[in-house]
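J.: Quick one, what's the 3D model for this:
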Amino acid sequence: MKVFVGPASRLQGKVRVPPSKNYTSRYIWVSALAEGESVVRDPATNDDARALLACCQRLGAKVQVDEGTVRISGFGRNPRSPGVLDPGNGGLILRLLLPVGLLLPEVHYTTSYPESLGKRPQGHLLAALRDLGAEVEDVDGHLPITIRGGRPLTRRTVVVSGRISSQYATALLMIAPLLGGLSLQITEGLVSRPPLATTLQVMAEAGVTPQADWAQLRFTVPAGDYQPGVYHVPGDYPAASAILAAAALVPSAVTLYPLNPADRQGEKQVIPYLQQMGVAVARNGQEVTIRGGSPLRAVDFNGEEAIDAVLSMAAVACLAEGTTTFSQVANLRWKESDRIGDLARGLRQIGVAVTETADGFVISGNPAGYEGGIELDGCQDHRLIMTYAVLALRTRKGLVINGAEHVSKSYPGFFTALQELGATVEVKEDN
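T.: Here you go, the predicted model:
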């Protein structure tokens, strides 16, 4: 699907942001790993959530989806052999599912997105599963993957790298209680702590509280069973960051909700960051109101703790006066696309001055905006697609984004929200 987003003179209105993708996935998974019925209220209804629910059903969970609620009767420590599991294009979804192979004689993992998820590295997690006693077949650390388990663990201590993703550690920690407990050591640093803190929070809500030594990156999970519960999903700060970026670039009066100031999503850092750039942002409880259109000044952004909002803030930097350095975001290269290389290529097509660095990129902004009038490849990456859509608002001729349907991975209603705020959004026929 191709979508044209035109220049905008003003955005105005109120937007309900989608439920958190990361919390939804963790709540679904912990519900599936428990015995008894759990309820997830206000879950995300994106592609990742649907893929995980389908895989949980193949593993033996009973799922009932109602308006605003998902009821899950979990399989606990006795999953059913699913044969094949397809996590769609969900990196976290695949990584949550891989360790369940330790409990089963054989599971085959594949994907309908070989050019996206199929290229994302899984080698560090697979090495940890081998250390725990699984037999693993893979293609140089990539899908397709077959795991043969169903045998006693060979050890209770496991090591995994945190250099590429915190999701490897999340996956091992969440399955650990059902394996009889594990001690986990993260090596090579940890690229993003907030998602792992979210994991520990969700585990504790489900009745299993890991011991965490954040200084040494050591985590100990006791043996035990998750308890069924009722979980409430907060609003999604990464999705909100794209709307905040759009509102920052043009005259606007936009309110977003619900955005809990107390939850653990690192992407909430974009609010003070935009304020530093000169954007008027105010909070009233779980409502955040932004008034854009003021001149923007470049401010460097260390994105390590807010990795899923980096591309949204890159769009803002493209219109700021001065040079913005985005640092500590090297792991963006291993997302749905190469979010450094692919972003830089797309921005250069628009006319943005951008330089790639060892751990990020540098943007020289142009407050006057850009010509536009071109078509860009979204690279099957929801964050890249939203970034181009935001930038289109400050072009003279707009932008056409190819593969725009992939926003459904995290924010199915993104283009509708932009349109309701006053942006020009048109679906183009593919030729």
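J.: ok, then the element right after the longest strand anywhere in the chain?
T.: Using DSSP state E, we find that the single longest strand of the chain is strand 182-190. Counting by DSSP states H and E, the next helix or strand C-terminal to strand 182-190 is helix 193-205.
J.: Packing partners of that following helix?
T.: Here helix 193-205 touches helix 21-32, helix 167-175, going by 3 or more Cβ pairs under 8 Å, 6 or more residues apart in numbering; DSSP states H and E. C-betas here are computed from N, CA, C, even on glycine.
J.: Identify, out of the ones you listed, the most deeply packed stretch.
T.: Counting by mean count of other Cβ atoms under 10 Å, helix 21-32 has the highest mean neighbour count of those, with a mean of 27.
J.: Show me what counts as buried in the helix or strand just after it.
T.: Later in the chain than helix 21-32, the nearest helix or strand by DSSP H and E is strand 35-41. Neighbour-count burial for strand 35-41 flags 38-40 (criterion: 16 or more other Cβ atoms under 10 Å).
J.: Could you do stretch 324-335 as well?
T.: 324-332, 334-335.
J.: Likewise for stretch 233-251?
T.: Buried-residue list, stretch 233-251, by 16+ other Cβ under 10 Å: 233-250.
J.: And for stretch 310-322?
T.: In stretch 310-322, counting by 16+ other Cβ under 10 Å, buried: 310-320.
J.: Out of the buried residues of stretch 233-251, name the ones that lie in helices.
T.: 237-249 (DSSP state H).
J.: out of these, who's nearest Y411?
T.: Of all those, Y411 sits closest to A239, with 4.5 Å by Cβ to Cβ.
J.: And the pLDDT at that closest one?
T.: Note for A239: predicted pLDDT of 97.
J.: so it makes contact with Y411?
T.: Yes: here A239 reaches Y411: they are 4.5 Å apart, a contact under Cβ atoms under 8 Å.
J.: Format the ones in helices among the buried residues of stretch 233-251 as a markdown table; extra columns: distance to L256.
T.: Shown next, in a markdown table, are these (distance: Cβ to Cβ, whole Å):
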| residue | distance to L256 |
| --- | --- |
| Y237 | 10 |
| P238 | 12 |
| A239 | 9 |
| A240 | 5 |
| S241 | 10 |
| A242 | 10 |
| I243 | 6 |
| L244 | 7 |
| A245 | 12 |
| A246 | 11 |
| A247 | 8 |
| A248 | 12 |
| L249 | 15 |
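J.: all helices for this structure, in order.
T.: Under DSSP H, the chain gives helices at 21-32, 47-58, 91-97, 123-131, 167-175, 193-205, 237-249, 270-277, 310-317, 341-350, 382-392, 414-421.
J.: Specify the angle between the second one and strand 35-41 in degrees.
T.: Between helix 47-58 and strand 35-41, the angle comes out at 160 degrees (axes from the mean of the first three to the mean of the last three Cα atoms, to 10 degrees).
J.: CA atoms of helix 47-58 as CSV?
T.: The C-alpha coordinates for helix 47-58 follow below in CSV (Å, rounded to 0.1, in the frame of the first residue of the first chain):
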residue,chain,number,x,y,z
ASP,A,47,0.1,-7.2,14.3
ASP,A,48,2.5,-8.3,17.0
ALA,A,49,-0.3,-8.9,19.5
ARG,A,50,-2.3,-10.9,17.0
ALA,A,51,0.8,-13.0,16.1
LEU,A,52,1.6,-13.8,19.7
LEU,A,53,-2.0,-14.7,20.5
ALA,A,54,-2.1,-17.1,17.5
CYS,A,55,1.1,-18.7,18.6
CYS,A,56,-0.2,-19.1,22.2
GLN,A,57,-3.2,-20.9,20.9
ARG,A,58,-1.0,-23.3,18.9
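J.: how distant is it from the center of its chain?
T.: 16 Å (Cα atoms, centre = their mean, to the nearest Å).
J.: What lies in contact with that helix?
T.: Applying Cβ atoms under 8 Å, 6 or more residues apart in numbering, the contact partners of helix 47-58 are 21, 24-25, 28-29, 32, 43, 63, 65, 70, 72, 74-75, 80, 82-83, 85-90, 92-93, 96-97, 408-410, 412.
J.: Can you give me the domain assignment for this structure?
T.: 2-18+235-428, 21-220 (automatic domain parsing).
J.: now do the same end-to-end measure for the last one.
T.: For domain 21-220, the separation between the terminal residues is 26 Å (Cα to Cα, to the nearest Å).
J.: The longest one now?
T.: Using Cα to Cα, one end of domain 2-18+235-428 lies 5 Å from the other.
J.: likewise stretch 107-119?
T.: End-to-end for stretch 107-119, by Cα to Cα: 20 Å.
J.: Could you pull out the buried residues of it?
T.: So, applying 16+ other Cβ under 10 Å, buried residues of stretch 107-119: 107-111, 113, 116-117.
J.: Could you list the low-pLDDT ranges of this structure?
T.: Across the chain, the ranges flagged by pLDDT under 70 are 430-431.
J.: from the chain's centre, how far out does stretch 74-92 sit?
T.: 19 Å.
J.: Return the set of buried residues in it.
T.: 74-77, 79, 82, 85-92.
J.: Stretch 422-431 too?
T.: 422-423, 425.
J.: ditto for stretch 55-74
T.: For stretch 55-74, by 16+ other Cβ under 10 Å, it's 55-61, 63, 70, 72-74.
J.: Looking at those residues, which is nearest G346?
T.: C55 (31.8 Å).
J.: okay, the helices and strands packed on helix 193-205 in TSV with distance to G372 next?
T.: Shown next, in TSV, are the helices and strands packed on helix 193-205 (distance: least, Cβ to Cβ, whole Å):
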stretch	distance to G372
helix 21-32	29
helix 167-175	35
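J.: now for these, which one comes closest to V281?
T.: helix 21-32 (22.5 Å).
J.: got the angle for that closest one vs helix 193-205?
T.: 30 degrees.
J.: And helix 21-32, how far out from the chain middle?
T.: With Cα atoms, centre = their mean, you get 13 Å for helix 21-32.
J.: by contact count, what packs against it?
T.: Helix 21-32 packs on strand 35-41, helix 47-58, strand 69-75, helix 91-97, helix 167-175, helix 193-205, strand 230-232, going by 3+ Cβ pairs under 8 Å, 6+ apart.
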